[in-house]
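[1] sequence-free structure coming up:
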């Protein structure tokens with residue numbers, strides 16, 4: 001649908017349709033800005049989801065773990081000391097072991113068990129219980145992850161469903177507006193029935209998706225715990241594959257084996273078989289012979305015992321064999337877990353690949369969106385707002401797919417995290433950078449060559465808007481002594497200055513090589529009265545027929561003109577830049593680059609990346625002074641050209657690119673738009 005069919009209707013219908021189209025254009029412009037918004041990275045969300053804990057923890061597990069630690073504390077405080085007191089009444093006094101006759105006897109003292117059941121043994125038992133508690137804590141951590149798994153699963157889906165519902169609301173607003181006007185245009189025979197049905201199908205699809213996401217969220221209890229405080233930014237992560245393939249098994253087995261080995265050492269110690277006891281007593285005797293009197297004294301002694309036969313070595317062999325058996329079973333279990341982890345990691349990687357594919361697809365749709373923006377500014381009569389709104393809806397559909405894939409990846413991360421009892425959440429994942437990410441794209445400095453014919457053909461408003469939609473920073477504007485362009489040229493320079501664009505005036509008169517007097521020529525152009533930042537020389541002696549024979553002389557004259565230009569520019573505080581081909585001698589170019597502010601290398605015809613990189617590699621150390629000029633006729637599309645920017649930038653570090661020229665780039669945009677519309681039909 002375009003304005004082309006409006007002439008066949010009545011004047012009132014004409015006006016109504018024009019108003020509808022203008023309203024649609026306004027709606028499209030408002031939503032166009034929304035569609036290009038990007039995401040930022042915030043890793044707090046993922047770790048909040050993975051570490052969320054449900055309040056109804058299994059208290060029996062907690063108490064059991066605490067019990068081991070309390071027992072360990074008890075043994076730590078038990079030094080094996082015992083205090084005792086004894087009283088003996090002799091009913092028929094007779095001599096005792098010390099040949100004493102006494103009526104009664106009182107003994108009080110301290111006994112200290114040093115080895116078995118005593119001080120050293122209790123220290124070992126304390127360490128055994130502590131190791132058991134540590135092992136149990138590992139199991140408790142794993143069990144806790146399993147207990148919280150379902151709740152965390154629902155939290156992830158709940159959060160992502162909310163995000164998808166937000167996107168659906170935007171889709172619904174766009175498609176609803178699109179549908180209202182589509183019905184109006186269909187009644188006036190300006191829209192085919194099939195196109196109307198397609199838009200109605202979108203509304204039905206949106207309603208069905210609302211039902212899926214909202215039904216799931218509504219079935220959760222009102223007080224169901226969710227984590228949504230960071231849901232504005234949903235980053236994408238990659239898996240730490242080294243952890244899954246190597247570190248996990250080593251860490252898990254080392255932790256368990258170390259604790260089990262400690263327990264074995266303490267449990268099989270010879271200390272538990274040998275008894276060593278010392279005592280100190282106070283003795284009081286009521287002697288029968290009153291002439292001798294009562295008797296009291298202190299005594300000290302040491303007792304030791306050892307079992308017969310002494311089977312300590314056999315006990316150690318039994319314990320070691322049990323340890324090796326447990327170790328083998330543990331390694332088998334770890335191997336099974338690792339196989340599952342690798343399968344889960346592969347599935348995650350596949351989802352990540354799908355995400356990148358959809359991300360690239362969204363990038364291509366954003367380029368189509370940019371082309372529609374250009375078309376609206378340049379040729380509003382050919383702009384179709386209904387189809388343009390459909391393009392925004394397509395981008396939002398891709399956004400839902402991206403959210404859905406990211407949801408699946410988060411659930412897979414949750415599954416991996418639950419299977420790894422000893423791993424912290426931040427050890428499991430690492431940041432993932434998208435190819436052609438937005439921040440890298442913003443690092444590219446874009447500029448345009450603009451010929452005098454374009455200044456005459458297009459208004460200053462069009463040129464500034466087109467630069468804006470192409471994220472351009474600078475302009476190299478052709479200038480000559482054609483006074484018919486003065487008004488339009490000055491209007492453009494004023495508009496560019498107002499928009500804070502950097503403008504370089506291009507001097508492209510090749511005859512100056514023979515004529516000389518660059519200063520006089522620049523004065524004739526009246527540069528002092530033009531708002532510009534610098535002078536750009538596009539003088540090409542290599543186009544002369546006798547270039548091969550007189551190359552040295554021409555390059556000498558070229559450098560003389562350049563020196564004169566630099567002196568002139570310095571007086572007006574302006575920069576100097578040049579455009580040169582790739583084949584100028586390296587020695588001369590090193591000298592020239594050192595003199596000027598920027599060199600535009602014209603990389604035309606052969607745009608193979610390796611060729612360009614090889615030609616520019618001698619100047620890689622001065623990459624900040626280099627700009628690569630490319631022609632649209634060497635590329636099939638803008639996307640292909642933008643990819644070339646990234647390829648060259650990644651290999652040689654040049655981030656400035658100039659497009660030859662504004663008119664050609666615009667025609668390429670129109671070609672791409674028309675080709676897409678042809679494919680749609």
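    All right, it came through fine. In this text, all values refer to a predicted model and were calculated from it rather than measured experimentally.

[2] Name the helix or strand for residue 92, please.
    Assigned by DSSP states H and E, residue 92 falls within no helix or strand.

[3] what's around it, how many residues?
    As a burial measure, the neighbour count of residue 92 was computed by other C-beta atoms under 10 Å and equals 4. Every C-beta, even on glycine, is put in place using the N, C-alpha and C of the backbone.

[4] quick one: it from residue 101, how far?
    Distance check for residue 92 against residue 101: by C-beta to C-beta, to the nearest Å, it reads 11 Å.

[5] go on, residue 669?
    Residue 669 is 127 Å from residue 101, where distance means C-beta to C-beta.

[6] Check residue 392 too.
    Residue 392 sits 116 Å away from residue 101, taking C-beta to C-beta as the criterion.

[7] And for residue 166?
    Shown here: residue 166 relative to residue 101, a distance of 103 Å by C-beta to C-beta.

[8] Residue 643 too?
    Applying C-beta to C-beta, the value for residue 643 to residue 101 is 115 Å.

[9] same question, residue 596
    Distance check for residue 596 against residue 101: by C-beta to C-beta, it reads 125 Å.

[10] of these two, who's got more company?
    residue 596 (21 against 14).

[11] What does the more buried one show for phi and psi?
    With angles defined as degrees, to the nearest 10, residue 596 shows backbone torsions of phi -100, psi 170.

[12] What score does residue 355 have for pLDDT?
    According to the model's per-residue confidence, residue 355 sits at a pLDDT of 89.

[13] Skipping adjacent residues, who's closest to it in space?
    Spatial nearest neighbour of residue 355, chain neighbours left out: residue 405 (4.6 Å); criterion: C-beta to C-beta, 6 or more residues apart in numbering.

[14] ok now do that neighbour, which residues does it touch?
    Residue 405 makes contact with 351, 354, 355, 358, according to C-beta atoms under 8 Å, 6 or more residues apart in numbering.

[15] and what of residue 71?
    For residue 71, the contacting residues are residue 129, taking C-beta under 8 Å, 6+ apart as the criterion.

[16] For it, pull up the helix or strand it's in.
    helix 59-77.

[17] Enumerate every residue touching the nearest residue to residue 298 once chain neighbours are set aside.
    Nearest residue to residue 298 in three dimensions, chain neighbours excluded: residue 282, at 5.7 Å (C-beta to C-beta, 6+ apart). Contact analysis of residue 282 by C-beta under 8 Å, 6+ apart lists 107, 108, 109, 296, 297, 298.

[18] In strands, which of those residues fall?
    Using DSSP state E, the subset of these located in strands is 107, 108, 109, 296, 297, 298.

[19] Now the third one: closest residue in space, sequence neighbours ignored.
    Of all residues not flanking residue 109 in the chain, residue 281 sits nearest, at 3.3 Å (C-beta to C-beta, 6+ apart).

[20] How is the one you found assigned, secondary-structure-wise?
    Following DSSP: H, G, I helix; E, B strand; the rest coil, residue 281 is assigned to strand.

[21] if I look at it, how far off is residue 304?
    Between residue 281 and residue 304 the computed distance is 18 Å (C-beta to C-beta).

[22] And these two? Which one has more around it.
    Under the neighbour definition other C-beta under 10 Å, residue 281 and residue 304 were set side by side, and residue 281 has more, 17 against 11.

[23] Could I get the contacting residues of the more buried one?
    Residues in contact with residue 281, defined by C-beta under 8 Å, 6+ apart, are 107, 108, 109, 298, 299, 300, 301.

[24] counting contacts, what elements does whichever strand or helix holds the last one pack onto?
    Residue 301 is part of strand 295-305 when elements are defined by DSSP H and E. Identification of packing neighbours for strand 295-305 by 3 or more C-beta pairs under 8 Å, 6 or more residues apart in numbering; DSSP states H and E yields strand 275-287.

[25] what does the average pLDDT come to for the strand it packs on?
    Taken as a whole, strand 275-287 has an average pLDDT of 88.

[26] Kindly report the same for stretch 129-149.
    For stretch 129-149, the mean per-residue pLDDT is 69.

[27] Then stretch 359-377?
    Averaged over stretch 359-377, pLDDT sits at 77.
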